[in-house]
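K.L.:
Model the following, please.
(one chain, ligands or ions: 1)
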Amino acid sequence: MSAFPEGFCWGVATSAYQIEGSPLADGAGPSIWHRFAHTPGHIADGETGNIACNHYQRYLEDIGLLHELGVNAYRFSIAWGRVLPEGRGAINRKGLGFYQRLVDALLERGISPVITLYHWDLPMALQDRGGWINPDSPQWFADYAEVLFRTFADRVTSWITINEPWVIAVLGHLEGRHAPGWRDPSAAARVGHHLLLAHAAAVASYRTLGHGQIGIALNLEPQHPAYPKAADLLAAQRRDAFVNRWFLDALFLASYPIELAQIFGPAWPKFGAVALDQIHYPGDFIGVNYYTRARVAAAPEAKPLGAICLPPPREKSTAMGWEIYPEGLGEVLGWFKERYGNPRVLITENGAAFADPAPCAGLVLDPQRIVYLRSHLRAAAQALAAGVDLGGYFVWSLMDNFEWAEGYSKRFGLYWVDRQTLQRYPKSSAHFYRSVIATQGAVL
Ligand SMILES: N=[N+]=NCCCCNC(=O)[C@@H]1[C@H]2[C@H](O)[C@@H](O)[C@H](O)[C@@H](CO)[C@@H]12
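P.N.:
Residues are numbered from 1 along each chain as shown. The predicted model follows:
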(Lines give C-alpha, C1' and ligand atoms only; values in the text may rest on other atoms or scores of the structure.)
Protein backbone atom coordinates (compact mmCIF):
# COMPACT_ATOMS: atom_id res chain seq x y z
CA MET A 1 0.00 0.00 0.00
CA SER A 2 1.43 3.41 -0.91
CA ALA A 3 2.43 5.33 2.19
CA PHE A 4 2.24 8.67 0.38
CA PRO A 5 -0.54 10.16 -1.75
CA GLU A 6 -0.41 10.68 -5.50
CA GLY A 7 1.03 14.15 -6.16
CA PHE A 8 3.34 14.00 -3.13
CA CYS A 9 6.40 16.15 -3.80
CA TRP A 10 9.55 13.99 -4.03
CA GLY A 11 12.81 15.90 -4.33
CA VAL A 12 16.44 16.41 -3.47
CA ALA A 13 18.06 19.62 -2.24
CA THR A 14 21.30 21.51 -2.86
CA SER A 15 22.57 25.06 -2.47
CA ALA A 16 24.53 27.36 -4.76
CA TYR A 17 27.80 27.83 -2.88
CA GLN A 18 27.94 24.14 -1.98
CA ILE A 19 27.74 22.75 -5.54
CA GLU A 20 28.21 25.41 -8.25
CA GLY A 21 31.87 26.43 -8.17
CA SER A 22 32.92 29.37 -10.41
CA PRO A 23 31.92 31.89 -7.70
CA LEU A 24 33.14 34.88 -9.72
CA ALA A 25 32.30 33.73 -13.25
CA ASP A 26 30.40 35.89 -15.75
CA GLY A 27 30.42 39.01 -13.61
CA ALA A 28 29.26 37.42 -10.36
CA GLY A 29 30.03 39.38 -7.18
CA PRO A 30 31.80 37.50 -4.36
CA SER A 31 29.78 36.30 -1.37
CA ILE A 32 30.63 36.29 2.32
CA TRP A 33 31.31 32.54 2.02
CA HIS A 34 33.89 33.25 -0.69
CA ARG A 35 35.67 35.60 1.70
CA PHE A 36 35.16 33.32 4.74
CA ALA A 37 36.43 30.20 2.97
CA HIS A 38 39.46 32.04 1.61
CA THR A 39 40.39 33.19 5.11
CA PRO A 40 42.83 30.61 6.51
CA GLY A 41 41.64 28.54 9.45
CA HIS A 42 37.91 28.66 8.77
CA ILE A 43 37.43 25.53 6.64
CA ALA A 44 38.66 21.97 7.23
CA ASP A 45 41.55 21.08 4.89
CA GLY A 46 41.66 24.73 3.78
CA GLU A 47 39.00 24.00 1.16
CA THR A 48 36.82 26.57 -0.64
CA GLY A 49 33.82 26.59 -2.96
CA ASN A 50 35.96 27.69 -5.92
CA ILE A 51 35.33 24.37 -7.67
CA ALA A 52 32.79 22.54 -5.46
CA CYS A 53 30.99 20.15 -7.87
CA ASN A 54 31.40 22.46 -10.88
CA HIS A 55 27.64 22.40 -11.23
CA TYR A 56 27.86 25.78 -12.96
CA GLN A 57 29.31 23.92 -15.96
CA ARG A 58 27.82 20.45 -15.40
CA TYR A 59 24.21 21.40 -14.60
CA LEU A 60 22.73 19.50 -17.58
CA GLU A 61 24.50 16.30 -16.45
CA ASP A 62 23.14 16.85 -12.93
CA ILE A 63 19.62 17.29 -14.23
CA GLY A 64 20.18 13.87 -15.81
CA LEU A 65 20.81 12.50 -12.32
CA LEU A 66 17.56 14.05 -11.09
CA HIS A 67 15.74 12.37 -13.98
CA GLU A 68 17.44 9.06 -13.12
CA LEU A 69 16.15 9.37 -9.55
CA GLY A 70 12.63 10.07 -10.77
CA VAL A 71 12.16 13.14 -8.56
CA ASN A 72 9.30 15.50 -9.46
CA ALA A 73 10.93 18.49 -7.72
CA TYR A 74 14.43 19.91 -7.21
CA ARG A 75 15.28 22.40 -4.46
CA PHE A 76 18.26 24.62 -5.23
CA SER A 77 19.34 28.11 -4.25
CA ILE A 78 20.20 31.14 -6.33
CA ALA A 79 23.46 32.94 -5.56
CA TRP A 80 22.40 36.52 -4.87
CA GLY A 81 25.78 37.82 -6.07
CA ARG A 82 25.45 36.20 -9.50
CA VAL A 83 22.22 38.12 -10.09
CA LEU A 84 23.12 41.38 -8.29
CA PRO A 85 26.94 41.51 -8.03
CA GLU A 86 26.74 44.51 -5.66
CA GLY A 87 23.76 42.97 -3.84
CA ARG A 88 21.50 45.74 -5.12
CA GLY A 89 21.16 47.85 -8.25
CA ALA A 90 22.43 46.59 -11.61
CA ILE A 91 21.30 43.13 -12.70
CA ASN A 92 24.00 40.82 -14.09
CA ARG A 93 22.17 39.30 -17.06
CA LYS A 94 24.79 36.54 -17.53
CA GLY A 95 24.36 35.45 -13.93
CA LEU A 96 20.59 35.49 -14.15
CA GLY A 97 20.88 33.67 -17.48
CA PHE A 98 22.48 30.63 -15.79
CA TYR A 99 19.41 30.20 -13.58
CA GLN A 100 17.03 30.78 -16.48
CA ARG A 101 18.74 27.95 -18.41
CA LEU A 102 18.67 25.75 -15.29
CA VAL A 103 14.94 26.37 -14.68
CA ASP A 104 14.03 25.79 -18.32
CA ALA A 105 16.03 22.54 -18.46
CA LEU A 106 14.29 21.30 -15.29
CA LEU A 107 10.85 22.13 -16.64
CA GLU A 108 11.66 20.35 -19.90
CA ARG A 109 12.28 17.20 -17.79
CA GLY A 110 9.03 17.65 -15.87
CA ILE A 111 10.90 18.56 -12.67
CA SER A 112 9.43 21.43 -10.62
CA PRO A 113 12.01 23.98 -9.45
CA VAL A 114 11.81 24.88 -5.74
CA ILE A 115 14.00 27.96 -5.46
CA THR A 116 15.66 29.04 -2.23
CA LEU A 117 16.31 32.76 -2.50
CA TYR A 118 18.94 32.86 0.24
CA HIS A 119 21.12 29.97 1.39
CA TRP A 120 23.76 31.89 3.36
CA ASP A 121 25.81 33.50 0.54
CA LEU A 122 25.23 37.22 1.10
CA PRO A 123 27.04 39.45 -1.43
CA MET A 124 30.22 40.82 0.14
CA ALA A 125 29.23 44.33 -1.00
CA LEU A 126 26.25 44.18 1.36
CA GLN A 127 28.33 42.74 4.20
CA ASP A 128 30.58 45.76 3.76
CA ARG A 129 27.46 47.81 4.64
CA GLY A 130 26.95 45.78 7.81
CA GLY A 131 25.17 42.83 6.26
CA TRP A 132 22.11 41.52 8.11
CA ILE A 133 22.56 43.88 11.08
CA ASN A 134 21.85 46.82 8.78
CA PRO A 135 18.17 47.83 9.20
CA ASP A 136 18.06 48.25 5.40
CA SER A 137 18.81 44.52 4.89
CA PRO A 138 15.15 43.43 4.71
CA GLN A 139 14.61 45.90 1.85
CA TRP A 140 17.79 44.78 0.08
CA PHE A 141 16.41 41.22 0.25
CA ALA A 142 12.91 42.20 -0.91
CA ASP A 143 14.38 44.07 -3.90
CA TYR A 144 16.52 41.04 -4.81
CA ALA A 145 13.53 38.72 -4.42
CA GLU A 146 11.43 40.97 -6.67
CA VAL A 147 13.98 40.62 -9.50
CA LEU A 148 13.58 36.82 -9.32
CA PHE A 149 9.80 36.86 -8.88
CA ARG A 150 9.49 39.02 -12.02
CA THR A 151 11.98 36.83 -13.94
CA PHE A 152 10.38 33.50 -13.04
CA ALA A 153 6.77 34.36 -12.14
CA ASP A 154 5.48 32.43 -15.17
CA ARG A 155 7.52 29.27 -14.55
CA VAL A 156 8.35 28.83 -10.86
CA THR A 157 5.57 28.40 -8.30
CA SER A 158 7.49 27.18 -5.22
CA TRP A 159 9.81 29.51 -3.33
CA ILE A 160 11.73 29.40 -0.08
CA THR A 161 12.81 32.82 1.16
CA ILE A 162 15.55 32.06 3.66
CA ASN A 163 17.29 28.83 4.63
CA GLU A 164 17.73 28.35 8.39
CA PRO A 165 17.68 31.85 9.90
CA TRP A 166 18.82 30.29 13.20
CA VAL A 167 22.07 29.04 11.65
CA ILE A 168 22.66 32.44 10.02
CA ALA A 169 22.09 34.29 13.30
CA VAL A 170 23.81 31.84 15.67
CA LEU A 171 26.57 30.09 13.71
CA GLY A 172 27.30 33.22 11.64
CA HIS A 173 26.93 36.01 14.21
CA LEU A 174 27.07 34.46 17.73
CA GLU A 175 29.44 31.49 17.50
CA GLY A 176 31.39 32.68 14.47
CA ARG A 177 31.68 29.20 12.96
CA HIS A 178 30.00 30.33 9.73
CA ALA A 179 30.32 33.44 7.57
CA PRO A 180 30.66 36.30 8.39
CA GLY A 181 32.35 34.82 11.52
CA TRP A 182 31.03 37.26 14.11
CA ARG A 183 30.76 36.60 17.85
CA ASP A 184 28.29 39.27 18.95
CA PRO A 185 25.07 38.40 20.86
CA SER A 186 23.48 41.76 20.10
CA ALA A 187 24.22 41.30 16.38
CA ALA A 188 22.83 37.75 16.44
CA ALA A 189 19.55 38.93 17.99
CA ARG A 190 19.15 41.75 15.47
CA VAL A 191 20.13 39.53 12.53
CA GLY A 192 17.43 37.04 13.54
CA HIS A 193 14.85 39.81 13.57
CA HIS A 194 15.98 41.34 10.26
CA LEU A 195 15.85 37.89 8.61
CA LEU A 196 12.22 37.55 9.72
CA LEU A 197 11.46 41.05 8.42
CA ALA A 198 13.19 40.13 5.15
CA HIS A 199 11.11 36.97 4.87
CA ALA A 200 7.91 38.93 5.54
CA ALA A 201 8.83 41.57 2.94
CA ALA A 202 9.50 38.90 0.30
CA VAL A 203 6.22 37.12 1.07
CA ALA A 204 4.34 40.42 0.76
CA SER A 205 6.07 41.12 -2.57
CA TYR A 206 5.24 37.63 -3.85
CA ARG A 207 1.57 38.20 -3.02
CA THR A 208 1.52 40.90 -5.71
CA LEU A 209 3.89 39.28 -8.24
CA GLY A 210 3.38 35.53 -8.04
CA HIS A 211 0.64 32.93 -7.88
CA GLY A 212 2.46 30.03 -6.26
CA GLN A 213 3.55 29.04 -2.76
CA ILE A 214 6.22 30.69 -0.64
CA GLY A 215 7.66 29.74 2.73
CA ILE A 216 10.76 29.67 4.92
CA ALA A 217 12.99 26.69 5.83
CA LEU A 218 13.85 26.16 9.51
CA ASN A 219 16.33 23.73 11.09
CA LEU A 220 14.31 22.11 13.88
CA GLU A 221 15.72 19.76 16.47
CA PRO A 222 13.91 18.20 19.49
CA GLN A 223 15.67 19.03 22.77
CA HIS A 224 15.43 16.15 25.28
CA PRO A 225 16.71 16.10 28.87
CA ALA A 226 19.81 13.90 29.01
CA TYR A 227 18.70 12.45 32.37
CA PRO A 228 15.35 12.45 34.24
CA LYS A 229 16.39 15.42 36.35
CA ALA A 230 14.54 18.73 36.79
CA ALA A 231 17.70 20.68 35.98
CA ASP A 232 18.15 18.83 32.69
CA LEU A 233 14.47 19.28 31.81
CA LEU A 234 14.74 23.02 32.40
CA ALA A 235 17.95 23.18 30.36
CA ALA A 236 16.24 21.30 27.50
CA GLN A 237 13.28 23.70 27.63
CA ARG A 238 15.64 26.68 27.48
CA ARG A 239 17.46 25.22 24.50
CA ASP A 240 14.12 24.41 22.80
CA ALA A 241 13.21 28.10 23.06
CA PHE A 242 16.63 29.06 21.69
CA VAL A 243 16.84 26.58 18.79
CA ASN A 244 13.21 25.96 17.80
CA ARG A 245 10.69 28.40 19.25
CA TRP A 246 12.79 31.53 18.51
CA PHE A 247 11.58 31.42 14.91
CA LEU A 248 8.49 29.20 15.18
CA ASP A 249 6.78 31.42 17.79
CA ALA A 250 7.85 34.58 15.95
CA LEU A 251 6.34 33.40 12.65
CA PHE A 252 3.19 31.79 14.02
CA LEU A 253 2.50 33.54 17.34
CA ALA A 254 4.01 37.01 16.70
CA SER A 255 6.04 36.64 19.88
CA TYR A 256 9.55 35.71 20.90
CA PRO A 257 9.90 33.13 23.71
CA ILE A 258 10.51 34.91 27.01
CA GLU A 259 13.60 32.74 27.54
CA LEU A 260 15.45 34.66 24.81
CA ALA A 261 15.59 37.85 26.85
CA GLN A 262 17.04 35.78 29.73
CA ILE A 263 19.52 34.00 27.45
CA PHE A 264 20.68 37.11 25.57
CA GLY A 265 20.36 39.45 28.55
CA PRO A 266 20.80 43.16 27.73
CA ALA A 267 21.85 42.18 24.18
CA TRP A 268 18.19 41.26 23.45
CA PRO A 269 16.43 44.27 21.89
CA LYS A 270 13.18 45.55 23.36
CA PHE A 271 10.88 44.58 20.48
CA GLY A 272 7.59 46.48 20.51
CA ALA A 273 4.15 45.35 19.35
CA VAL A 274 4.67 46.77 15.85
CA ALA A 275 7.95 44.90 15.39
CA LEU A 276 6.33 41.66 16.53
CA ASP A 277 3.36 42.15 14.25
CA GLN A 278 5.70 42.68 11.28
CA ILE A 279 7.28 39.21 11.74
CA HIS A 280 3.95 37.39 12.06
CA TYR A 281 4.30 35.91 8.55
CA PRO A 282 4.40 32.12 8.23
CA GLY A 283 3.77 32.20 4.47
CA ASP A 284 2.08 29.32 2.59
CA PHE A 285 4.17 26.48 4.01
CA ILE A 286 6.94 25.80 6.48
CA GLY A 287 10.08 24.02 5.31
CA VAL A 288 11.48 21.65 7.95
CA ASN A 289 15.16 20.77 7.80
CA TYR A 290 15.45 17.76 10.12
CA TYR A 291 18.66 15.90 10.95
CA THR A 292 18.75 14.90 14.60
CA ARG A 293 17.81 15.64 18.21
CA ALA A 294 19.82 17.02 21.08
CA ARG A 295 20.26 15.39 24.52
CA VAL A 296 20.60 18.33 26.87
CA ALA A 297 22.24 18.39 30.31
CA ALA A 298 22.24 21.34 32.72
CA ALA A 299 25.60 23.04 32.89
CA PRO A 300 25.45 26.34 34.83
CA GLU A 301 28.96 27.25 33.72
CA ALA A 302 28.07 26.87 30.00
CA LYS A 303 26.90 30.43 29.31
CA PRO A 304 24.54 31.78 28.07
CA LEU A 305 22.23 28.73 27.97
CA GLY A 306 23.50 26.91 31.05
CA ALA A 307 23.22 23.75 29.00
CA ILE A 308 25.39 21.35 27.06
CA CYS A 309 24.52 18.70 24.47
CA LEU A 310 25.80 15.20 25.17
CA PRO A 311 27.41 13.31 22.28
CA PRO A 312 25.37 10.30 21.16
CA PRO A 313 26.79 6.77 21.27
CA ARG A 314 29.08 6.21 18.27
CA GLU A 315 26.96 3.34 16.95
CA LYS A 316 23.96 5.70 16.71
CA SER A 317 25.85 8.61 15.14
CA THR A 318 26.43 9.94 11.65
CA ALA A 319 29.82 11.16 10.41
CA MET A 320 28.81 14.63 11.70
CA GLY A 321 28.48 13.21 15.24
CA TRP A 322 24.70 13.73 15.09
CA GLU A 323 22.43 11.10 16.65
CA ILE A 324 20.37 8.99 14.24
CA TYR A 325 16.93 9.61 15.74
CA PRO A 326 14.04 9.21 13.29
CA GLU A 327 11.45 9.52 16.05
CA GLY A 328 12.46 13.16 16.30
CA LEU A 329 11.13 13.86 12.82
CA GLY A 330 7.67 12.69 13.88
CA GLU A 331 7.95 14.82 17.02
CA VAL A 332 8.85 17.95 15.06
CA LEU A 333 6.10 17.41 12.49
CA GLY A 334 3.63 16.93 15.33
CA TRP A 335 4.41 20.42 16.68
CA PHE A 336 2.73 21.94 13.64
CA LYS A 337 -0.48 19.99 14.15
CA GLU A 338 -0.52 20.44 17.94
CA ARG A 339 0.75 24.02 18.36
CA TYR A 340 0.70 26.04 15.17
CA GLY A 341 -2.62 25.38 13.44
CA ASN A 342 -1.53 22.49 11.18
CA PRO A 343 -0.07 24.52 8.29
CA ARG A 344 1.27 22.91 5.09
CA VAL A 345 4.74 21.46 5.85
CA LEU A 346 7.49 20.33 3.49
CA ILE A 347 10.49 18.35 4.72
CA THR A 348 12.95 20.54 2.82
CA GLU A 349 16.05 18.70 4.07
CA ASN A 350 16.65 15.28 5.60
CA GLY A 351 19.79 13.19 5.17
CA ALA A 352 23.05 12.10 6.71
CA ALA A 353 26.79 12.01 6.21
CA PHE A 354 28.55 8.68 6.52
CA ALA A 355 32.08 7.54 5.74
CA ASP A 356 31.06 6.20 2.33
CA PRO A 357 33.55 3.88 0.57
CA ALA A 358 34.92 4.72 -2.87
CA PRO A 359 32.97 3.45 -5.90
CA CYS A 360 33.31 -0.22 -6.89
CA ALA A 361 32.23 -1.04 -10.44
CA GLY A 362 30.60 2.37 -10.64
CA LEU A 363 28.51 2.03 -7.48
CA VAL A 364 29.04 3.18 -3.88
CA LEU A 365 27.52 0.89 -1.27
CA ASP A 366 26.03 3.01 1.53
CA PRO A 367 23.71 0.74 3.57
CA GLN A 368 23.77 3.11 6.57
CA ARG A 369 22.21 5.91 4.51
CA ILE A 370 19.48 3.55 3.29
CA VAL A 371 18.68 2.65 6.92
CA TYR A 372 18.67 6.36 7.83
CA LEU A 373 16.40 7.38 4.95
CA ARG A 374 14.02 4.43 5.36
CA SER A 375 13.51 5.10 9.08
CA HIS A 376 12.92 8.82 8.53
CA LEU A 377 10.58 8.24 5.61
CA ARG A 378 8.58 5.84 7.79
CA ALA A 379 8.36 8.56 10.46
CA ALA A 380 7.14 11.00 7.80
CA ALA A 381 4.51 8.52 6.59
CA GLN A 382 3.30 8.03 10.18
CA ALA A 383 3.01 11.79 10.68
CA LEU A 384 1.04 12.07 7.43
CA ALA A 385 -1.30 9.28 8.59
CA ALA A 386 -1.71 11.10 11.91
CA GLY A 387 -3.02 14.20 10.11
CA VAL A 388 0.05 16.37 9.60
CA ASP A 389 -0.35 18.37 6.38
CA LEU A 390 2.88 17.07 4.84
CA GLY A 391 3.27 17.91 1.18
CA GLY A 392 6.78 16.78 0.29
CA TYR A 393 10.19 15.37 1.16
CA PHE A 394 13.63 16.46 -0.06
CA VAL A 395 16.78 14.45 0.59
CA TRP A 396 19.84 16.45 1.56
CA SER A 397 21.64 16.11 -0.78
CA LEU A 398 21.69 15.23 -4.49
CA MET A 399 25.49 14.81 -4.42
CA ASP A 400 28.44 15.14 -2.06
CA ASN A 401 29.28 18.84 -1.83
CA PHE A 402 31.00 21.63 0.13
CA GLU A 403 29.82 21.01 3.70
CA TRP A 404 30.59 24.55 4.95
CA ALA A 405 33.24 24.56 7.70
CA GLU A 406 33.77 20.82 7.16
CA GLY A 407 34.83 21.38 3.56
CA TYR A 408 34.45 18.22 1.42
CA SER A 409 35.23 15.86 4.27
CA LYS A 410 31.57 15.11 5.00
CA ARG A 411 29.58 13.36 2.26
CA PHE A 412 25.75 13.81 2.35
CA GLY A 413 25.02 12.95 -1.28
CA LEU A 414 22.96 10.28 -2.98
CA TYR A 415 25.70 10.54 -5.60
CA TRP A 416 29.38 10.24 -4.68
CA VAL A 417 31.64 12.91 -6.18
CA ASP A 418 35.26 12.06 -7.01
CA ARG A 419 37.17 15.11 -5.75
CA GLN A 420 39.84 14.70 -8.45
CA THR A 421 37.67 14.17 -11.51
CA LEU A 422 34.29 15.46 -10.16
CA GLN A 423 32.75 12.34 -11.73
CA ARG A 424 29.41 11.54 -10.11
CA TYR A 425 28.77 7.92 -9.03
CA PRO A 426 25.40 6.63 -7.73
CA LYS A 427 25.28 5.31 -4.19
CA SER A 428 22.96 2.41 -3.41
CA SER A 429 20.84 4.94 -1.48
CA ALA A 430 20.12 6.66 -4.82
CA HIS A 431 18.66 3.42 -6.11
CA PHE A 432 16.73 2.99 -2.85
CA TYR A 433 15.28 6.51 -3.06
CA ARG A 434 14.36 5.92 -6.71
CA SER A 435 12.36 2.83 -5.65
CA VAL A 436 10.63 4.80 -2.87
CA ILE A 437 9.52 7.45 -5.37
CA ALA A 438 8.46 4.89 -7.98
CA THR A 439 6.22 3.10 -5.45
CA GLN A 440 5.02 6.20 -3.51
CA GLY A 441 6.64 4.68 -0.46
CA ALA A 442 5.19 1.18 -0.76
CA VAL A 443 8.72 -0.31 -0.48
CA LEU A 444 9.33 1.27 2.97
N1 LIG B 1 24.24 19.54 16.04
N2 LIG B 1 23.43 19.62 15.22
N3 LIG B 1 22.63 19.93 14.53
C4 LIG B 1 21.92 19.46 13.42
C5 LIG B 1 21.81 20.47 12.27
C6 LIG B 1 22.46 21.79 12.55
C7 LIG B 1 22.08 22.82 11.56
N8 LIG B 1 22.68 22.56 10.22
C9 LIG B 1 21.92 22.24 9.22
O10 LIG B 1 20.75 22.04 9.39
C11 LIG B 1 22.54 22.17 7.83
C12 LIG B 1 21.64 22.36 6.74
C13 LIG B 1 22.01 23.31 5.61
O14 LIG B 1 20.84 23.85 4.99
C15 LIG B 1 22.84 22.61 4.51
O16 LIG B 1 23.41 23.60 3.68
C17 LIG B 1 23.90 21.72 5.16
O18 LIG B 1 24.76 21.19 4.16
C19 LIG B 1 23.15 20.59 5.89
C20 LIG B 1 24.13 19.55 6.47
O21 LIG B 1 24.88 20.13 7.50
C22 LIG B 1 22.25 21.14 6.97
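K.L.:
can you tell me the residue of the stretch 101-250 of the chain closest to the ligand?
P.N.:
Proximity to the ligand, evaluated over the stretch 101-250 of the chain using C-beta to the nearest ligand atom, is greatest for Asn219 at 3.8 Å. Using the backbone N, CA and C atoms, a C-beta is placed for each residue, glycine as well.
K.L.:
For that residue, which residues count as its bridge partners?
P.N.:
Applying DSSP bridges to Asn219 yields these beta-bridge partners: Asn289.
K.L.:
Using the three-state scheme, assign Gly321.
P.N.:
Per DSSP: H, G, I helix; E, B strand; the rest coil, the secondary structure class of Gly321 is coil.
K.L.:
Distance check, it against the ligand.
P.N.:
7 Å (C-beta to the nearest ligand atom, to the nearest Å).
K.L.:
show me the contacts for that residue.
P.N.:
Contacts here follow C-beta atoms under 8 Å, 6 or more residues apart in numbering; on that basis Gly321 touches 311-312.
K.L.:
how about a cut-off of 7 Å?
P.N.:
Contacts for Gly321 were tallied using C-beta atoms under 7 Å, 6 or more residues apart in numbering; they are Pro311.
K.L.:
The ligand contacts on the stretch 101-250 of the chain?
P.N.:
For the stretch 101-250 of the chain, the residues found near the ligand under the criterion C-beta under 6 Å from any ligand atom are 163-164, 167, 219, 221.
K.L.:
which element is the residue lying closest to Glu86 once chain neighbours are set aside on?
P.N.:
Distances taken as C-beta to C-beta, 6 or more residues apart in numbering put Ala125 closest to Glu86, at 4.4 Å, once the chain neighbours are dropped. In this structure, Ala125 sits in helix 124-127 according to DSSP states H and E.
K.L.:
so what secondary structure elements neighbour the helix or strand following that helix?
P.N.:
Per DSSP H and E, the first helix or strand lying C-terminal to helix 124-127 is helix 137-152. Using 3 or more C-beta pairs under 7 Å, 6 or more residues apart in numbering; DSSP states H and E as the contact criterion, the neighbours of helix 137-152 among helices and strands are helix 80-83, helix 93-108, strand 112-118, helix 185-209.
K.L.:
which parts of the strand or helix carrying Ile286 are buried?
P.N.:
For Ile286, the host element (DSSP H and E) is strand 285-289. Residues of strand 285-289 classed as buried by neighbour count (16 or more other C-beta atoms under 10 Å): 285-289.
K.L.:
Would you confirm that Trp140 contacts Leu84?
P.N.:
No - at 8.8 Å, Trp140 and Leu84 do not qualify as touching, with contact defined as C-beta atoms under 7 Å.
K.L.:
about what we covered before: tell me what the helix holding Ala125 is packed against?
P.N.:
For helix 124-127, the contact count by 3+ C-beta pairs under 7 Å, 6+ apart identifies helix 32-37 as packing neighbours.
K.L.:
which residues are in contact with the helix it packs on?
P.N.:
Judged by C-beta under 7 Å, 6+ apart, the contacts made with helix 32-37 from elsewhere in the structure are 17, 23, 42-43, 48-49, 120-122, 124, 127, 179-181.
K.L.:
What residues of the helix or strand just after that helix count as buried?
P.N.:
Under the assignment DSSP H and E, the closest C-terminal helix or strand after helix 32-37 is helix 55-69. Neighbour-count burial for helix 55-69, with 16+ other C-beta under 10 Å as criterion, is recorded at 55-56, 58-59, 62-63, 65-66, 69.
K.L.:
Against which helices or strands is the one helix or strand in the chain whose mean pLDDT sits lowest packed?
P.N.:
Counting by mean pLDDT, DSSP states H and E, the chain has its least confident helix or strand at helix 273-278, which shows a mean of 93. Using 3+ C-beta pairs under 7 Å, 6+ apart as the contact test, no helix or strand touches helix 273-278.
K.L.:
Figure out how far that helix is from the centre of its chain.
P.N.:
26 Å (C-alpha atoms, centre = their mean, to the nearest Å).
K.L.:
was I right about Gly306 contacting Leu234?
P.N.:
No - under the contact definition of C-beta under 7 Å, Gly306 does not touch Leu234, with a separation of 8.6 Å.
K.L.:
Which neighbours do the two have in common?
P.N.:
Counting by C-beta under 7 Å, 6+ apart, the common neighbours of Gly306 and Leu234 are Ala298.
K.L.:
residues near the residue lying closest to Gly172 once chain neighbours are set aside, how many?
P.N.:
Leaving out its chain neighbours, the residue that sits closest to Gly172 by C-beta to C-beta, 6+ apart is His178, at 4.3 Å. For His178, the tally of surrounding residues (other C-beta atoms under 10 Å) stands at 20.
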